[in-house]
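S.K.: with the sequence up front, the predicted model follows.
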Amino acid sequence: MVSLTILFSNSLFTLGNWQVIFVALAFHTMQTKDGDGSFGVLVKQGAEARVFDSTFLGRRSIVKERFSKKYRHPTLDSKLTIKRLNAEARCMTKARRLGVLSPTLYAVDPLLYTLTCEYIEGPPVKDVLLDFGSHGVNEEKLNDIALQIGNAVGKLHDGGLVHGDLTTSNMIIQEGTNQLVLIDFGLSFTSTLPEDRAVDLYVLERALLSMHSSCGNVMDRILAAYKKSSRQWCATLNKLAQVRQRGRKRTMVG
């Protein structure tokens, strides 16, 4: 039996099996596939999901559709997909409760395996830093971005939340406010282990080194802000040093 979960402005409502047919019909009226089988304009496609630029109740929105894995038993596949969908929704709303800017979650549909959230206007941090690499670094702007990243990640970690995919593609500078918004919590999970927090930071560090080396050592600025934001920074950064060492050994071995 299936129940439909709908979220409006981070308020969670789960409706029982007797009501699901009526709500599902109403929801599918609001969010249905176009003639080409999509939910709008395809923005990105990865190994686990497709992302569409869409609308929800007249608002511009993002729809993330998780794939069904054909190699898995249908019942198991459905359970795992719904579990991951709900986990992403919970992590996204938890981030907002922790004071970290993230898209407002509008709805979760376990029948279509979709998550619908607010569309954030503005460039990804990746594009901003690549522009610095091409046209010269704006030190004031770079310092502000690093400060916001360190503050946001520190709040996440102190709240027991690990993002899991901290890359500059998953950070947006919101148009009009210039505030940093974290997106894509598809790999996020809850943890209080310094190791998990350190790996989160290491993923970010590797992304910066591989994509944005021309901007200098941005990670030092981020970690300076992280130390001020996180009460657990000492244990995390000690573990980060160990994670870095393991990473260097793997690189040397090949």
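M.R.: Nice, thanks for sending it over. Numbers count the residues shown, from 1 in each chain.
S.K.: helices along the stretch 101-250 of the chain, start to end?
M.R.: Counting by DSSP state H, counting those that start in this stretch, the stretch 101-250 of the chain has helices at residues 125-135, 139-158, 194-211, 218-229, 233-253.
S.K.: out of the ones you listed, which gets nearest to S169?
M.R.: helix 125-135 (4.8 Å; C-beta to C-beta). No exception for glycine: its C-beta is placed from N, CA and C like everyone else's.
S.K.: quick one: I222 from T93, how far?
M.R.: 25 Å (C-beta to C-beta, to the nearest Å).
S.K.: so between the two, which is more surrounded?
M.R.: Neighbours around I222 and T93, counted as other C-beta atoms under 10 Å, are more numerous at I222. The numbers are 25 against 19.
S.K.: nearest residue to the residue positioned nearest the centre of the chain in space, please, no chain neighbours.
M.R.: Centroid-nearest residue in the chain, with C-alpha atoms, centre = their mean: D184, separated by 2.2 Å. Spatial nearest neighbour of D184, chain neighbours left out: N170 (4.6 Å); criterion: C-beta to C-beta, 6 or more residues apart in numbering.
S.K.: and that neighbour, how many neighbours?
M.R.: 21.
S.K.: do R246 as well
M.R.: R246: 11 neighbours (other C-beta under 10 Å).
S.K.: quick one: it from Q45, how far?
M.R.: In this view, R246 and Q45 are 32 Å apart by C-beta to C-beta.
S.K.: over to T104?
M.R.: For T104, the distance to Q45 - C-beta to C-beta - is 24 Å.
S.K.: those two: which is more packed in?
M.R.: Using other C-beta under 10 Å, the more surrounded residue of T104 and Q45 is T104, with 17 against 12.
S.K.: domain parsing for this protein?
M.R.: Per the record, the chain has its domains at 23-118, 125-250, by the TED database.
S.K.: now the shortest one, how far from the centre of its chain.
M.R.: In terms of C-alpha atoms, centre = their mean, to the nearest Å, the centre of domain 23-118 is found 13 Å from the chain centre.
S.K.: looking only at pLDDT, what's the mean for that domain?
M.R.: With pLDDT averaged residue by residue, domain 23-118 scores 86.
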